[in-house]
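Novice: model the structure of this input:
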Amino acid sequence: MKLLSKQSIALALAGILTTGVTSIPTYASTTQNLDATFNNIRVTLNGDYKMTTNEPFIVNGSTYVGLRDVATLFDVTVNWDSANQTVQLAGSSASQSQVVYEQQIFALQQQLLRLQAQLEELGISYSQHTNRAATFLSDSSTTNDNTKTINATFNNIRVSLNGQYQTLNNEPFIYNGSTYVSLRDIANILDINAYWDSASQTVLLDGDVSSQTEAIYLAQISALQSQIMVIQDLIYAYESEQAANEYYLANFMNNLEDELEDEFEDDYDIMWYFDLTEKSSYVNLVISLYVDDYDDEWDDMTSTRVKKFLTSVCEYIEEAFEGTYWEDEEIQGSIYDKDSKTTLYTFDYDGSLSYAQENNTLDVADLADEIWDDIINGDYNRYITGSSTTYLYDDDGNTFRLRATDFSITGSSSYKFYLDVDVNGFEDEWNYIDQTRAEYRLEDILEDIVYAIVDEYDVDEDDITGYIRCDDTSTIMLKYIDGDFTFYSRL
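Specialist: Below is the predicted model of the structure:
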């Protein structure tokens, strides 16, 4: 067996650091799926087990290791030259120092603390599994054949030694952000011997890096690695179980949502949409609709109808939950308008239904703004606010125009609204207005304003009084209540 001297290894590593001056073209990155076998492969150097951050694995009969892990064995730093797709190594080949080991042990201790905190968050007791760690240490020959597909990126990565690019038997690749190389390739480059012990699933390396003082540190590293692997296995098992549960949950709930839409899609002539979500102590159900598309149908949804509808939906879900994880779970939820993005009703069902209508009414200022935008300056723009406002007539048949300038609402249980207009020098014409023609011209807009207030506050039409007034003097010019007009003259 040929062992490297420290000087030889130093020269080798210095050569790896040096890249050739020949221009190297940019290579396109390709991704391949590889079948990799993970058998808890470990690495020894001069008979001592070494820590690897990235677990080695086997692909097509060749063992691959993280390049940074191999460099760490020689206290070598690693840099990536992306322009030349080359890994640059720098450092000496001196055996591992006490500082390096203590840094490794500290890093492992921090990793272990993070994993233990994660276990605690997941509610898993680590103390119940401590014997498993001892078994791992004492039975290194046990293998667990675990082959899985990994996603590897090939960038035509090359390795140079003393400025000369080396011929590799297996192309390096990137997996999980780390560069992996064939163990035999890196052994050939560094001129060290590599052996495979299939019984213990261990790669045996011979090199000039061992020392007696390493034994204590290696024991600590091995113990920490063992504990970390046990916890990682526990977390993996927990997350796998959670993922399976989530998959089952998502498919079950999605299928049930489809069933609900088929069963209730046209109840009360409304298209309903259903969204089920599992919460910690109940199942949440959101029933949605577009109220603007079903304005009349929704107006017909009395409290009795809403209660009957919600009860039927919840009983259907309750029956679907029988014999499942969610049997006897309480159902909480809401009826939601997708147009206005407001909650119309909330409810709870636990064998019987309780529900409440949400108060989504606008305050009078907001409603006044909405009526101005949608009705006065919207539907009736050309009649009352636009440049072609409707002509009004006086008793002599003379025409004149009034332009709306503002709108406001006051009140709580009964309401008054004020439509301010610019008289614009037509005071005399208004004083002798043809009232019959004016009623015909103004009735539709005043009725629509009343209807908007009735719909929002659920009051009777005779609870609403409307006024047209002069915007300069606030003088009342017209009063409107429940279809009746009263004209005031002498502006």
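Novice: quick one: name whatever helix or strand follows the one helix or strand in the chain whose mean pLDDT sits lowest.
Specialist: When each helix and strand of the chain is scored by mean pLDDT, DSSP states H and E, helix 130-138 comes last, with a mean of 31. Using DSSP states H and E, the helix or strand that directly follows helix 130-138 along the chain is strand 146-154.
Novice: can you list contacts of that next one?
Specialist: By CB atoms under 8 Å, 6 or more residues apart in numbering, the surrounding residues in contact with strand 146-154 are 29-39, 57, 171, 173-175, 180. Every C-beta, even on glycine, is put in place using the N, C-alpha and C of the backbone.
Novice: now stretch 263-274
Specialist: By CB under 8 Å, 6+ apart, the residues outside stretch 263-274 that reach it are 257, 260-261, 285-290, 293-294, 297-298, 300-301, 305, 309, 312-313, 316, 338.
Novice: mark which of these are part of strands, please.
Specialist: 285-289 (DSSP state E).
Novice: between these, which sits nearest Tyr432?
Specialist: Among the ones in strands among the contacts of stretch 263-274, Leu289 lies closest to Tyr432 (CB to CB), at 52.3 Å.
Novice: partners of that closest one in the sheet?
Specialist: Per DSSP bridges, the residues bridged to Leu289 are Asp337.
Novice: let me see the contact set for it.
Specialist: 270-273, 298, 335-338.
Novice: want to try JSON lines for the residues you listed, with neighbour count, pLDDT and distance to Ser354 as columns?
Specialist: Shown next, in JSON lines, are the contacts of Leu289 (neighbours: other CB atoms under 10 Å; pLDDT from 0 to 100; distance: CB to CB, whole Å):
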{"residue": "Ile270", "neighbour count": "18", "pLDDT": "94", "distance to Ser354": "22"}
{"residue": "Met271", "neighbour count": "15", "pLDDT": "94", "distance to Ser354": "26"}
{"residue": "Trp272", "neighbour count": "19", "pLDDT": "95", "distance to Ser354": "20"}
{"residue": "Tyr273", "neighbour count": "15", "pLDDT": "96", "distance to Ser354": "23"}
{"residue": "Trp298", "neighbour count": "18", "pLDDT": "90", "distance to Ser354": "22"}
{"residue": "Ile335", "neighbour count": "24", "pLDDT": "95", "distance to Ser354": "14"}
{"residue": "Tyr336", "neighbour count": "20", "pLDDT": "94", "distance to Ser354": "18"}
{"residue": "Asp337", "neighbour count": "16", "pLDDT": "92", "distance to Ser354": "21"}
{"residue": "Lys338", "neighbour count": "13", "pLDDT": "92", "distance to Ser354": "24"}
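Novice: in a markdown table: those, plus distance to Phe321.
Specialist: Output for those, formatted as a markdown table (distance: CB to CB, whole Å):
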| residue | distance to Phe321 |
| --- | --- |
| Ile270 | 25 |
| Met271 | 25 |
| Trp272 | 19 |
| Tyr273 | 20 |
| Trp298 | 29 |
| Ile335 | 21 |
| Tyr336 | 22 |
| Asp337 | 27 |
| Lys338 | 26 |
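Novice: now do the buried residues in stretch 274-291.
Specialist: For stretch 274-291, burial by neighbour count (16 or more other CB atoms under 10 Å) applies to 274, 276, 278, 282-283, 285, 287-289, 291.
Novice: should've said stretch 303-313
Specialist: Within stretch 303-313, the residues that qualify as buried are 306, 309-310, 313, counting by 16+ other CB under 10 Å.
Novice: ditto for stretch 449-467
Specialist: 449-450, 452-453, 456-457, 459, 463-467.
Novice: ok, now stretch 79-90?
Specialist: Buried-residue list, stretch 79-90, by 16+ other CB under 10 Å: 84-89.
Novice: save the residues you listed as a markdown table, and put in pLDDT and secondary structure too.
Specialist: Below are those laid out as a markdown table (pLDDT from 0 to 100; DSSP: H, G, I helix; E, B strand; the rest coil):
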| residue | pLDDT | secondary structure |
| --- | --- | --- |
| Asn84 | 82 | coil |
| Gln85 | 83 | coil |
| Thr86 | 80 | strand |
| Val87 | 74 | strand |
| Gln88 | 73 | strand |
| Leu89 | 62 | strand |
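Novice: which pair in those spans the largest distance?
Specialist: Pairwise over the buried residues of stretch 79-90, using CB to CB, the maximum falls at Gln85 and Leu89, 14.9 Å.
Novice: picking up where we left off before, which of the contacts of Leu289 lies closest to Val364?
Specialist: Nearest to Val364 among those is Asp337, at 21.4 Å by CB to CB.
Novice: helices of the stretch 351-491 of the chain, residue ranges please.
Specialist: All helices of the stretch 351-491 of the chain, identified by DSSP state H, counting those that start in this stretch, fall at 364-371, 427-431, 435-457.
Novice: just the CA trace of the longest one, in PDB.
Specialist: This file holds the C-alpha atoms of helix 435-457, laid out as PDB (Å, rounded to 0.1, in the frame of the first residue of the first chain):
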ATOM      1  CA  GLN A 435     -94.800  70.300 -11.700                       C
ATOM      2  CA  THR A 436     -96.400  67.500 -13.800                       C
ATOM      3  CA  ARG A 437     -93.500  67.400 -16.300                       C
ATOM      4  CA  ALA A 438     -91.000  67.700 -13.500                       C
ATOM      5  CA  GLU A 439     -92.400  64.700 -11.600                       C
ATOM      6  CA  TYR A 440     -92.100  62.700 -14.800                       C
ATOM      7  CA  ARG A 441     -88.500  63.800 -15.300                       C
ATOM      8  CA  LEU A 442     -87.400  63.200 -11.700                       C
ATOM      9  CA  GLU A 443     -89.400  60.300 -10.400                       C
ATOM     10  CA  ASP A 444     -87.200  57.500 -11.600                       C
ATOM     11  CA  ILE A 445     -83.900  58.800 -10.100                       C
ATOM     12  CA  LEU A 446     -85.600  59.600  -6.800                       C
ATOM     13  CA  GLU A 447     -87.200  56.100  -6.700                       C
ATOM     14  CA  ASP A 448     -83.900  54.400  -7.400                       C
ATOM     15  CA  ILE A 449     -82.200  56.300  -4.600                       C
ATOM     16  CA  VAL A 450     -85.000  55.300  -2.200                       C
ATOM     17  CA  TYR A 451     -84.700  51.600  -3.300                       C
ATOM     18  CA  ALA A 452     -80.900  51.600  -2.600                       C
ATOM     19  CA  ILE A 453     -81.500  52.900   1.000                       C
ATOM     20  CA  VAL A 454     -84.300  50.300   1.500                       C
ATOM     21  CA  ASP A 455     -82.100  47.500   0.300                       C
ATOM     22  CA  GLU A 456     -79.100  48.500   2.500                       C
ATOM     23  CA  TYR A 457     -81.000  49.200   5.800                       C
END
